[in-house]
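Enquirer: My questions concern the predicted model and sequence given below.
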Amino acid sequence: MPLHVLEHPLAAHIITHLRDKTTKPATFRTLAYQISLLLAIEATAEIETEPKDIDTPLERVSGRILAHESLVVVPILRAGLGMVQPFTDLFPDVSVGYVGLERDHETARPRSYYCKLPPLAGRHVVVVDPMLATGGSAVAALTVVKQAGAVDPVLVSIVSAPEGVAEVEKHHPGTVIHTAALDRELNARKYILPGLGDFGDRLYGT
Ligand code: PRP
Ligand code: URA
């Protein structure tokens with residue numbers, strides 16, 4: 001299965017502090033930025049480049065630069081917003097699309113409330129959402145971006161449950177998933193264990 005779990009001492013350090021219930025929103029946002037930056041690098045390892053010849057102070061050399069407007073990042077609102085800045089910091093002409101989904105507190109099913117996407121055909125599309133729990137939100141977002149023209153969109157989450165990974169594989173087989181932690185299971189309320197609680201609430205202090 002194309003599941004990539006980030007293995008790096010810094011990733012383990014950041015995840016541990018994100019999980020800690022005493023971590024306050026300001027620190028939580030910084031940690032979310034840092035782990036998302038590591039994941040952004042992993043998730044764009046296959047992004048398109050093109051040749052460019054330049055002159056160093058000493059001689060001419062053939063280099064490579066990012067292909068123009070190849071990358072699109074699509075956060076699932078609201079918590080996915082906490083993962084966007086590393087992409088906009090690193091990639092000069094990234095486009096950002098938005099998919100608004102909210103889990104029903106009783107059923108844990110996602111409800112769609114917003115969608116605004118740039119052109120996706122022929123571009124490297126990365127859907128970002130920090131928590132892959134039941135997988136309902138990720139499956140819905142992947143369906144939406146594919147309907148809008150994305151081919152083989154990549155999914156990036158910070159913490160994933162096995163149930164969510166299996167759900168994505170069931171509905172969108174072959175989807176490449178990058179995550180920083182593969183956790184044990186979901187609890188009866190469909191929260192990830194050990195997890196880190198409600199990511200959006202902790203990010204925005206709600
Ligand atoms: C959280 C999280 C994911 C979703 C994951 O969002 O950010 O989008 O739950 O759960 P799932 O895999 O079971 O679908 P939530 O609905 O709490 O909304 P928020 O981002 O506005 O906090
Ligand atoms: N959404 C969250 O923010 N956390 C979970 O554990 C599950 C869904």
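Expert: Looks like it came in fine. Numbering: from 1, shown residues only. Ligands and ions are numbered 1, 2, ... in the order given.
Enquirer: wait, does the longest helix that the chain contains make contact with ligand 2?
Expert: As far as residue count goes, and with DSSP state H defining each element, the longest helix of the chain is helix 25-43. No - using Cβ under 6 Å from any ligand atom, no contact is recorded between helix 25-43 and ligand 2, whose separation bottoms out at 11.8 Å. (C-beta placed from N, C-alpha, C; glycine too.)
Enquirer: So what touches whichever helix or strand comes after that helix?
Expert: Sequence order places strand 49-55 as the next helix or strand after helix 25-43, per DSSP states H and E. Around strand 49-55, the neighbours that count as contacts under Cβ atoms under 8 Å, 6 or more residues apart in numbering are 60, 61, 62, 63, 64, 65, 66, 67, 68.
Enquirer: Would you work out how far apart the start and end of stretch 51-59 are?
Expert: Distance across stretch 51-59, first residue to last, is 17 Å (Cα to Cα, to the nearest Å).
Enquirer: Return the set of buried residues in that stretch.
Expert: Of the residues in stretch 51-59, none count as buried by neighbour count, 16 or more other Cβ atoms under 10 Å.
Enquirer: That stretch: how far from the chain's middle?
Expert: Distance of stretch 51-59 from its chain centroid, counting by Cα atoms, centre = their mean, to the nearest Å, is 35 Å.
Enquirer: And the average pLDDT for that stretch is what?
Expert: pLDDT averaged over stretch 51-59 equals 98, rounded to a whole number.
Enquirer: Next: stretch 125-132.
Expert: Looking at stretch 125-132 alone, the average pLDDT works out to 98.
Enquirer: Return the residues of the chain in contact with ligand 2.
Expert: Taking Cβ under 6 Å from any ligand atom as the contact definition, the chain meets ligand 2 at 131, 133, 191, 192, 195, 198, 199, 200.
Enquirer: Which residue would be the closest one in the protein to ligand 1?
Expert: Across the chain, the shortest distance to ligand 1 (Cβ to the nearest ligand atom) belongs to residue 200, at 2.4 Å.
Enquirer: Now for residue 115: which residues touch it?
Expert: Residues counted as contacts of residue 115 (Cβ under 8 Å, 6+ apart) are 98, 99, 100, 144.
Enquirer: of the residues of the chain next to ligand 2, buried ones?
Expert: When burial is judged by neighbour count using 16+ other Cβ under 10 Å, the buried members of the residues of the chain next to ligand 2 are 131, 133, 191, 192, 195, 199, 200.
Enquirer: Partner strands of the helix or strand residue 99 falls within and their direction?
Expert: Secondary-structure element containing residue 99, defined by DSSP H and E: strand 98-103. In the sheet containing strand 98-103, its partner strands are strand 71-77 (parallel), strand 110-116 (antiparallel), by DSSP bridges.
Enquirer: Ranking by neighbours, what's the top pick from the contacts of strand 49-55?
Expert: Note: the member of the contacts of strand 49-55 with the most neighbours is residue 66, at 19 neighbours, neighbours being other Cβ atoms under 10 Å.
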